[in-house]
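> Based on what follows, work out the 3D shape:
(chains A and B)
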Amino acid sequence: MDGLDTLKAKYLAAIATAADESALEEVRVGALGKKGEISALMAGLGKMEPDQRKAAGAMLNVLKDEIDAALRARKSGLADAALDARLKSEWLDVTLPARPRRTGTIHPVSQVMEELTAIFADMGFAVAEGPQVESDWYNFDALNIPPEHPARQEHDTFFMNRAAGDDRPPHVLRTHTSPVQIRAMTEQGAPIRVIAPGRVYRMDMDQTHTPMFHQVEGLCIDRDVSMANLKWVLEEFCRAFFEVPSVELRFRASHFPFTEPSAEVDIRCSWEGGQLKIGEGDKWMEILGSGMVHPKVLKAAGVNPDEWQGFAFGMGIDRLAMLKYGIPDLRAFFESDLRWLRHYGFAALDLPTLPAGLSR
Amino acid sequence: MKFTLSWLRDHLDTEATLDDILYALTDLGLEVEEVSNRAARLATFTLAKITHAEQHPDADKLRVCRVMTDEGEKQIVCGAPNARAGITVVLAKPGDYVPGIDVTLGVGKIRGVESHGMMCSERELELSDEHNGIIELASGEVGQKFTDWLAINRPSVVDPMIHIKITPNRPDALGVRGIARDLAARGLGKLKPLDIPAIKGGFPCPITVTIDEALKTKGCPLFAGRLIRGVKNGPSPAWLADRLTAIGLRPISTLVDITNFFTFALNRPLHVFDAAKVHGNLRIHPAKGGEELLALDGKTYRLAEGMMLISDDAQPESLAGIMGGELSGCTEATTDVFLESAYWDPITVAATGRALKVNSDARYRFERGVDPAFTLPGLDLATQMILDLCGGQASDLAVDGAVPDTSRAYRLNPARVISLVGMDIPEAEQRRTLEALGFTLNGDMATPPTWRPDVLGEADLVEEVARIASLTKLQGKPLTRATAGVPRPILTPAQIRERSARRTLAALGYNECVTYSFIDAEAATLFGGGTDAVMIDNPISSEMTHLRPDLLPGLLRAAARNQARGFADLALCEIGPAFHGGEPGEQHLQATGLLVGHTAPRDPYGSRRPVDVFDAKADAEAVLAALGAPARVQINRKVAAWWHPGRSGCIALGPNAMATFGEVHPKILAAMGVKGPAVAFTILPANVPLPKVKTPTRPALAISDLQAVERDFAFVVDANVEALTALNAAIGADKALIESVRLFDQFIGDKAEAQMGAGKKSIALTVRLQPTDKTLTDADIEAVSAKIIEKVTKATGGTLRG
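So this is what the prediction gives:
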């Protein structure tokens, strides 16, 4: 067995110089294959005396393990080198553009509607809806605006065509979301808390007006709801919506036929360098109209004004969006200019929630 | 409504500053829109005196003056021809802003001579158009403020003008006195008494007045007048002309100016007839129809039957309550004037005014409601003013009708006031407020004053009390939650779906648009609408005449606009109402997506290809899935005319159409000005059935450990056989064993026909078999394969491809 060292040196050298996996395999077959040199020596053990066999067997086994380990090590070394070479050959210019993927956007009006809903839902307001073509009764009469009332002329109403012979008063495109108050109360009675966001229409088109825009109506009727509660609700809403630590509101006496007392609501703000800041400064900006629901309106909706009372308010959604997000021009809301939609739109997963904040 | 501070002070005895008054007005609901305070703009100017003036060494038209000012003697170069020693002038110093030339002065050198200020002309101070020279004052001391001098010598030019917005419920505030009354109630002074003179007629009124019986109950309950003989009508005295000028009215003649003055001072519109031009007597009557009247605005109005008229024995003379007639109007030559004061019914005046499209200060007031009880006192006051300013002699009263009875009383419930407003206003203060506003309290019953036609119930009393108490002082009080604990969900399933559709579309890469609900007639008609039922009677433009029957036209128009701006590849969507009729409720929600151009910009990977119908279908299916539509649906070809007839489909559950997808018809694209390709889909969320049971619990997951097997089949079928027919047939072959069937290839076109025969194509399906109780044997697979082949060939009329 003296030749074992030579054998070992021979194979280790062969392993070390094997250039690739097939050369290495040849070495393995030559040494450890069925007809390999070491295998042949192992087979020869059977013919030996037991003592001799034991000693030679141990030595052969050591040799076999050594060769085997060397083979494995070389094999993995070769594989690594091959992989390295392949990876090197697979270089790509990773500064190339990514595969194109369309990115969609949510319109600011939709986003702000969801923001409003999130805030008012927390205060227990459900979302009510109503038709956009309205009878003049729902749009006016039920809201204490009789036909001859001057306020009716100030609404710049769009009227629907009436077929000849149909003597009903023409339907209107709702001029405000207030008719939803009547519908919601008629359906649900009191107590009730709803907001009603949606499209409204006025015959007005200039720099700051579009013939269609969006309003949100709020209505809260209960046993003892007061104007002070209205103020708190609006303060909470404005603070949450504008995402500022605090806001200050000012109620100013005004007149709406469907509320009494009525108030226009101003918010404290500053305008500096064209930048609006809510909650600070020495300017007041009118943001909404509100008041205690007129007893005649409650009656029109089948709610007994001797038992129930409450408040209503209405504000422009597009305007809220403009103020919060610094969008300058109302008309652009409805022009669908791709550049505008991309710039002012919101990502699909920008879901406004109270825990995460309304905006990013 | 415009007025001046001194006019207000005619009625209000107050020490309040202008700022306090402005704040109170807005807070009371009389919102200040504009204040023009000329005194503030003139505050820096002082009086000075020229002590010496000499020719400028280098300029013929300039003088170098030494001027004594409150800061000592200054040298000022002046170009005015009247600049000379001894005159008292108005001085602007360096640093002062001169409004008439819009310049802030500095120390300057004029042709080499230093000048320390400027002596101003009337025009430079915006006092008048006078610019022939600098102002020379007949009085005044050096150093005196010019505004102080003006306040004494020309008060009208420093009288601040206040413009307030009057809400339609406050006709009383259309007179200065009503505004003063509100301020007095707020505690900003005392309302001065208004003394009504006793006019004693010197002769019977030669013109009698008669109201037609038909109008006495509604239209004109009271008409009164009086002749004033021997008046001299000319320009008004300065104080009166100044009042009117300050609020933007042009002084005309004393008689006419007096009527305007009463309109604004006391909300008492009047009319003056030149008695010499009145034929006989006056009659208030409904028009027969067809009468014509040349009114004071120079226009001729043709009256419809029933409109209220004042006529004399010969012809119509006045549009009752709206505008007098030109023919009987007063001129400087008028010597005998008939002064009219009447109470006109608001609704009647409003209807006539609207119908004739004529606006006037009188109409504006009568249709909101003037004080009926002030008809005769107003007449007397105005008579006195005419006598004072124009002389003459007044006749006895000519009158018909009576002051209408508007008396009514409402209960003041102090506790209810506090409960509604949420402010602790003591009962005594509530009563004081109402009395200050002219209400009469009898126990707990409050009778509104005759000038407040808007007060029509208890709630109006609450509003008055709250308004005067100041809503600015209102403190917010938390609104308790309707139900304790974590808020409940509040959205309805339909509302949730609308949001899901919107967010899904945005996630799929669509830009959400909000387009107008009304579109042009052509587009509406192309999309199945445009009928008279959905037509707007008074559209604002020809682009917006009909309610949209569908969202697609709006998006196509948007696409065309964007293409014109150079954006060719578009993914636009809208979720909103479409209108299938003109009655309330005849609207339904649509979620519409539009893809135009290519799927992607050009890139190195060849991603770009034209959008096709299967892009639209994929997105439609994604939205339907987000809305909870079932996976198994039918696709039929019952689509509207604006879709490509061969390249569109309707996703339906039986008769219930949930969505349409496809290529937009080329004719529609051409009509809407869109360059194709364009594919779209419209989803009707309301037609997607809601789950029968709502539970968060999922059905148990059934998965098998047994090996699933996939087998592919190719069939040769007629080219017009639909894939879904084959798929449905295959899946029906063994509902227990077949987990899914998918079409993975098709071979169509000329090459396919060359191989398989004219009008043929090949489709390839892969079927996944999932055993549940035992591993499949070859025999099992053979058996189910045979069944699949049989079912598919039977359903499609095709054959297995060899």
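
> Go ahead and confirm B:Pro601 touches B:Arg608.
Yes: B:Pro601 lies in contact with B:Arg608 (CB atoms under 8 Å); the separation is 6.5 Å. Placement of C-beta: from N, CA and C, glycine included.

> Name the residues contacting each of those two.
A:Pro100 (CB atoms under 8 Å, 6 or more residues apart in numbering or on different chains).

> so what's the residue most central in space within chain B scoring on pLDDT?
For chain B, the residue nearest the mean C-alpha position is B:Ile540 (13.6 Å; CA atoms, centre = their mean). What the model reports as pLDDT for B:Ile540 is 94.

> List the contacts of it.
A:Phe158, A:Met203, A:Asp204, A:Met205, A:Pro211.

> again, but for B:Ile135
B:Val89, B:Val90, B:Met119, B:Cys120, B:Ser121, B:Glu122, B:Leu125, B:Leu127.

> Identify, from these, the entry nearest to B:Ala618.
B:Ala618 lies nearest to B:Leu125 out of those, by CB to CB, at 74.5 Å.

> shouldn't that closest one be in contact with B:Gly100?
Yes: counting by CB under 8 Å, B:Leu125 does reach B:Gly100; the two are 5.9 Å apart.

> what about the closest residue to B:Ala436 other than its chain neighbours, neighbour count?
In space, not counting the residues next to it along the chain, B:Ala436 is nearest to B:Ala185; the distance is 3.7 Å by CB to CB, 6 or more residues apart in numbering or on different chains. By other CB atoms under 10 Å in any protein chain shown, 20 other residues sit near B:Ala185.

> now B:Gly628
B:Gly628: 15 neighbours (other CB under 10 Å).

> Find me the pLDDT at it, would you?
93.

> Does it touch B:Lys692 like I think?
No: applying CB under 8 Å, one finds B:Gly628 not in contact with B:Lys692, separated by 11.3 Å.

> For the residue in the stretch 201-350 of chain B positioned nearest to chain A, give me its contacts.
Residue nearest to chain A within the stretch 201-350 of chain B (CB to the nearest CB): B:Ile347, separated by 4.2 Å. By CB under 8 Å, 6+ apart, the contact set of B:Ile347 is A:Glu148, B:Lys218, B:Glu367.

> how about the residues you listed in TSV, adding pLDDT?
Converted to TSV, those look like this (pLDDT from 0 to 100):
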residue	pLDDT
A:Glu148	75
B:Lys218	87
B:Glu367	91
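
> For ChimeraX, write the selection for the buried entries among the residues you listed.
The ChimeraX command for the buried members of the contacts of B:Ile347 (criterion: 16 or more other CB atoms under 10 Å in any protein chain shown) is given here:
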select /A:148 /B:367
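
> Okay, and which of the contacts of B:Ile347 map to helices?
For these, the ones inside helices are B:Glu367, with DSSP state H as the criterion.

> What is the nearest of the contacts of B:Ile347 to A:Asp84?
Distances from A:Asp84 to the contacts of B:Ile347, taken by CB to CB, are shortest for A:Glu148, at 91.7 Å.

> can you tell me how far that closest one sits from B:Ala355?
According to CB to CB, to the nearest Å, A:Glu148 stands 13 Å off from B:Ala355.

> Kindly report the same for B:Asp313.
26 Å.

> between the two, which one's more packed in?
Between B:Asp313 and B:Ala355, counting by other CB under 10 Å, B:Ala355 is the more crowded of the two (13 against 10).

> Just the element for the more buried one, please.
Here B:Ala355 sits within helix B:346-356, counting by DSSP states H and E.

> In that helix, which residues are buried?
Quick answer for helix B:346-356 (16+ other CB under 10 Å): B:Pro346, B:Thr348, B:Val349, B:Ala350, B:Ala351, B:Thr352, B:Gly353, B:Leu356.

> got those as CSV, with pLDDT columns?
Shown next, in CSV, are the buried residues of helix B:346-356 (pLDDT from 0 to 100):
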residue, pLDDT
B:Pro346, 92
B:Thr348, 92
B:Val349, 93
B:Ala350, 90
B:Ala351, 89
B:Thr352, 92
B:Gly353, 91
B:Leu356, 92
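
> What average pLDDT does stretch A:193-213 get?
Mean predicted lDDT for stretch A:193-213 stands at 95.

> buried residues in it?
A:193-203, A:210-213.

> what's the following helix or strand after the helix ranked longest in chain A?
Secondary structure assigned by DSSP H gives helix A:50-89 as the longest helix of chain A. Next along the chain after helix A:50-89, taking DSSP H and E as the criterion, comes helix A:108-122.

> List the contacts of that following helix.
Taking CB under 8 Å, 6+ apart as the rule, helix A:108-122 contacts A:127, A:195, A:197, A:214, A:216, A:218, A:236-237, A:240-241, A:317-318, A:320-321, A:324-325, A:327, A:333, A:344-346, A:350-354, A:358-359, B:487, B:489-491, B:499, B:502, B:512, B:514, B:575.

> which of those residues count as buried?
By 16+ other CB under 10 Å, these give A:127, A:195, A:197, A:214, A:216, A:218, A:236-237, A:240-241, A:317-318, A:320-321, A:324, A:327, A:333, A:344-346, A:350, A:352, A:358, B:490, B:499, B:502, B:512, B:514, B:575 as buried.

> Filter those down to the ones in strands?
A:Val127, A:Ile195, A:Pro197, A:His214, A:Val216, A:Gly218, B:Glu512, B:Ile575 (DSSP state E).

> Could you dump those residues into a markdown table and include distance to B:Thr775?
Output for those, formatted as a markdown table (distance: CB to CB, whole Å):
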| residue | distance to B:Thr775 |
| --- | --- |
| A:Val127 | 55 |
| A:Ile195 | 60 |
| A:Pro197 | 59 |
| A:His214 | 62 |
| A:Val216 | 62 |
| A:Gly218 | 65 |
| B:Glu512 | 51 |
| B:Ile575 | 50 |
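
> returning to what we had before: what subset of the contacts of B:Ile135 is also close to chain A?
Contacts with chain A are made by none of those, judged by CB under 8 Å from any CB of the partner chain.

> what residues does the stretch 351-500 of chain B put near chain A?
Residues of the stretch 351-500 of chain B lying near chain A (CB under 8 Å from any CB): B:351, B:354, B:367-368, B:419-423, B:457-460, B:462-463, B:466-467, B:471-472, B:474-479, B:481-483, B:487, B:489-492, B:495, B:499.

> hey, which helix is longest across chain B?
Longest helix in chain B by number of residues (criterion: DSSP H): helix B:778-796.

> So what's the gap between that one and the chain middle?
In this view, helix B:778-796 has its centroid 70 Å away from the chain centroid, taken as CA atoms, centre = their mean, to the nearest Å.

> That one: which residues count as buried?
In helix B:778-796, counting by 16+ other CB under 10 Å, buried: B:Asp780, B:Val784, B:Ser785, B:Lys787, B:Ile788, B:Ile789, B:Lys791, B:Val792, B:Thr793, B:Ala795, B:Thr796.

> Can you tell me what sits against it?
Taking CB under 8 Å, 6+ apart as the rule, helix B:778-796 contacts B:709, B:711, B:713, B:715, B:717-718, B:721, B:725-726, B:728-730, B:732-734, B:737-738, B:765, B:767, B:769, B:771, B:798-800.
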